[in-house]
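Student: give me the fold of what follows.
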Amino acid sequence: MSRAKVYKSHGMSRVLCGVDSEGVKHNEPNFAADMRLLHEGVWIDIPDDERPGFPKKVRLRAWIIIVAADYLAAQSLLPTVESASAHVFCRACLYNSKHAEAGRPFSWHKSQAPASGACKSARRAFSLRNWQELQQLLRSLVGMSGARREQVMKNNGLNKIYFAFHPDLVPLIDPTNIAPQDLLHLFPDGLLRHEGAWLIYIFLKLGLKLSDLNLAIRRYSWPSDVRIPDLHEGLSKGAKGGKPKSSAMLRMTGSQCMHFALHR
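Tutor: Here you go, the predicted structure:
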């Protein structure tokens, strides 16, 4: 357990694994060392059910199965960038927001891309990350010049070579799937905040009044533990061309956004 400022100052790999940003290992107690011990097995005493009052020795082994963390925390444990605004921002895939296919529906349902002579419909713009390829890339970065390395890392959505949740430090994990996307922050507390605001702007543009919408929200029979706040005046302000502002968002928690969307 450490304060957030300690993680920010020294990095997750140093605090959790005793490895600094240059890959130097320090001889100090850390979480990863404990996980390596547990991987081998630690002998402990527990009560013996067959001999009441006596202990028996058992070998305790433990591994990390999954990491539940929000976007920034999960990215900081891995070599991936810590900004959702980066053009390659996903820790699980190589989605590139600047790619020509980025905005096309169903691109994810196309098969892996082109053996020679493959038809155009057989191509897929983005692939899932896998540890074998990521490991090869990270190893190649070590010997690269600074400028070249920076460009390659940027193109692959990476910001560090040495990171906390590496299989050599924390046994039996796969950095490309150990931390699934945090659905709360991705959808209700993320996309829905903006998309809900954009939809409200369109409704107001079509003639609905904010006061009527707020009255309807107050009169609606929400679940007993849900309180939806009034929509704020800023939602009626758009951008040039009669479009909603890209930065517009609902002033609601993730839970409130979810209930509002489901009952809207």
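Student: residue ranges with poor pLDDT in this structure?
Tutor: 105-125, 264 (pLDDT under 70).
Student: okay, helices next: where are they in it?
Tutor: For the chain, applying DSSP state H gives helices covering 4-10, 12-17, 31-40, 71-77, 131-142, 146-155, 183-186, 192-205, 210-219, 254-263.
Student: give the contact list for residue 189.
Tutor: For residue 189, the contact set (C-beta atoms under 8 Å, 6 or more residues apart in numbering) comprises 253-254, 257. Quick note: C-beta positions are derived from backbone N, CA and C, even for glycine.
Student: centre-most residue in the chain?
Tutor: By C-alpha atoms, centre = their mean, the chain has its centre lying nearest to residue 71, at 3.3 Å.
Student: ok, it to residue 216 distance?
Tutor: When C-beta to C-beta, to the nearest Å is the yardstick, residue 71 and residue 216 sit 33 Å from each other.
Student: same question, residue 222
Tutor: For residue 222, the distance to residue 216 (C-beta to C-beta) stands at 12 Å.
Student: more neighbours: which of the two?
Tutor: Neighbour totals were compared for residue 222 and residue 216, and residue 222 leads with 14 against 11 (other C-beta atoms under 10 Å).
Student: find the nearest non-adjacent residue to the more buried one, please.
Tutor: Excluding the flanking residues, the one nearest residue 222 by C-beta to C-beta, 6 or more residues apart in numbering is residue 228, at 6.1 Å.
Student: contacts only, for the one you found.
Tutor: Shown in contact with residue 228 (C-beta under 8 Å, 6+ apart): 217, 220, 222, 252, 256, 259-260.
Student: going by distance to residue 157, which of these wins?
Tutor: Distance to residue 157 across the contacts of residue 228 (C-beta to C-beta) is lowest for residue 252, with 29.6 Å.
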